[in-house]
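# return atomic coordinates for the entry below.
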Amino acid sequence: MSRASPSIAAFFFIAATPSGGRKLGMRSARSERALAEGLRRERLVIVKSWRLPSWLATAPGDMPLKDRAEVHQQLSMLLGRGVPLVEALEVTASVVATQTRGTVERMRELVGAGSSFSEACRQVRAFDSVTVAVYQAAEKTGDLAGAADLLATAARRQMAVRGQATGVLAYPVIVFSISVLIVLFMLISVVPQIGEALTNLTTFDELPAITKVVLTASDVLRNNLAAFGIGVLVLFTLLVLGRKIWVPAVNSVVRRLPAMRGLILAQESARFFMVLSAMTRSGV
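A predicted model of the protein is given here:
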């Protein structure tokens with residue numbers, strides 16, 4: 001995924017919907033005017049916007065893998081039926097997800113202005129260099145529909161492998177989360193009752209050290225429950241906002257785990273051979 005350009009800013013906005021409601025969101029744009037224009041295409045009227053720190057901004061063409069697969073699939077079907085490229089991009093922009101629509105419309109504008117399709121893909125920075133190279137080779141052979149179909153198939157297979165990796169990681173995360181909730185419940189509800197029963201039998205000083213630690217932790221948590229909740233909320237917010245910093249670090253650690261090494265190797269190998277197949281069939 002490409003880095004954010006220095007000219008791109010992040011905005012938090014409030015917009016009015018056609019039905020008179022309000023919509024909140026966060027989006028990257030070159031300026032507030034560009035943000036308003038992008039929302040206007042979605043039939044939204046900006047009411048108020050706030051500029052956020054630049055490190056929250058994403059490149060305008062950043063596109064999730066699922067959306068890239070959908071774009072490839074739509075172009076494959078439309079171009080394979082003889083629809084002109086500009087019209088195919090216009091139809092594709094109308095059926096893809098909202099966050100992808102602006103990127104596809106920008107591609108349509110570039111192609112309509114005379115740019116090649118591969119050059120449009122490069123300028124919007126929504127696709128990696130391999131995808132651009134495949135489309136560039138397909139333009140020479142005249143088989144854009146076939147290249148789009150191969151790229152759509154490759155993207156779907158990559159999503160399937162990624163889904164398996166996510167499933168492998170989901171189990172320990174769920175188990176850890178449930179364990180934390182159980183521990184918190186024990187400290188808040190069960191441990192105080194046990195502590196009261198113990199102090200009725202003996203003094204606090206005569207209790208084992210580990211018991212004193214558990215009872216003290218329980219008292220501190222119960223007496224500062226509101227502060228604890230606010231702290232958890234702040235931590236969750238920081239994790240969401242700083243995901244661009246900690247997610248790559250976590251991925252780097254996960255890649256070194258023995259249980260994940262084979263799965264990641266299979267994922268990267270599948271991607272390599274799918275890309276090699278797409279480029280070879282496209283005449284590279």
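# next one: phi and psi at the spatially most central residue of the chain?
The centroid of the chain falls nearest to residue 64 when counting by CA atoms, centre = their mean (6.5 Å). Here is the backbone geometry of residue 64 (degrees, to the nearest 10): phi -60, psi 160.
# same check, this time on residue 10
phi -100, psi 140.
# just to check, it is in contact with residue 53?
Yes. Counting by CB atoms under 8 Å, residue 10 does reach residue 53; the two are 7.0 Å apart. In short, each C-beta sits where N, CA and C put it, glycine included.
# neighbour count for the two, which is higher?
residue 10 (19 against 9; other CB atoms under 10 Å).
# what about that one, distance to residue 234?
20 Å (CB to CB, to the nearest Å).
# tell me, which helix in this protein spans the most residues?
Longest helix of the chain, by residue count under DSSP state H: helix 144-185.
# show me where the stretch 101-250 of the chain has its helices.
Ranges of helices within the stretch 101-250 of the chain are 117-124, 129-141, 144-185, 191-201, 209-223, 225-241, 243-255, based on DSSP state H, counting those that start in this stretch.
# weakest of those in terms of mean pLDDT?
Lowest mean pLDDT within the helices of the stretch 101-250 of the chain: helix 243-255, at a mean of 72.
# next, the buried residues of stretch 215-231.
215, 218, 221 (16 or more other CB atoms under 10 Å).
# of those, closest to residue 261?
For the buried residues of stretch 215-231, the minimum distance to residue 261 (CB to CB) is 38.6 Å, reached by residue 221.
# how about that closest one, what does it touch?
Contacts for residue 221 (CB atoms under 8 Å, 6 or more residues apart in numbering) come out as 184, 187, 188, 228.
# swap in 7 Å and give it another go.
Listed by CB atoms under 7 Å, 6 or more residues apart in numbering, the contact partners of residue 221 are 187, 188, 228.
# contact partners for the closest residue to the first one other than its chain neighbours?
If you skip the residues right next to it in sequence, residue 187 has residue 218 as its closest partner in space, 4.6 Å away by CB to CB, 6 or more residues apart in numbering. With contacts defined as CB under 7 Å, 6+ apart, residue 218 is in contact with 187, 191, 192, 195.
# over to residue 79?
Residue 79 sits next to 85, 88, 144, 145, 148 when contact means CB under 7 Å, 6+ apart.
# before we move on, back to that, turn the contacts of residue 221 into CSV, including distance to residue 110.
Listed next are the contacts of residue 221 as CSV, based on distance: CB to CB, whole Å:
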residue, distance to residue 110
187, 59
188, 58
228, 52
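# nearest to residue 33 among those?
The closest of the contacts of residue 221, once distances to residue 33 are taken by CB to CB, is residue 228, at 43.6 Å.
# so the residue lying closest to that closest one once chain neighbours are set aside versus residue 210, what's the distance?
Among residues not flanking residue 228 along the chain, residue 221 sits closest, at 6.2 Å (CB to CB, 6+ apart). For residue 221, the distance to residue 210 (CB to CB) stands at 17 Å.
# now swap in residue 118 and tell me
Taken as CB to CB, the span from residue 118 to residue 210 is 66 Å.
# so what touches stretch 114-126?
So stretch 114-126 is contacted by 2, 59, 61, 63, 85, 103, 106-107, 110-111, 127, 131-132, 135-136, 139, 144 (CB under 7 Å, 6+ apart).
# residue 131 contacts residue 148, correct?
No. Judged on CB atoms under 7 Å, residue 131 makes no contact with residue 148 at a distance of 9.8 Å.
# compare these two and say which is more crowded by neighbours.
Applying other CB under 10 Å to residue 131 and residue 148 shows that residue 148 carries more neighbours, namely 27 against 22.
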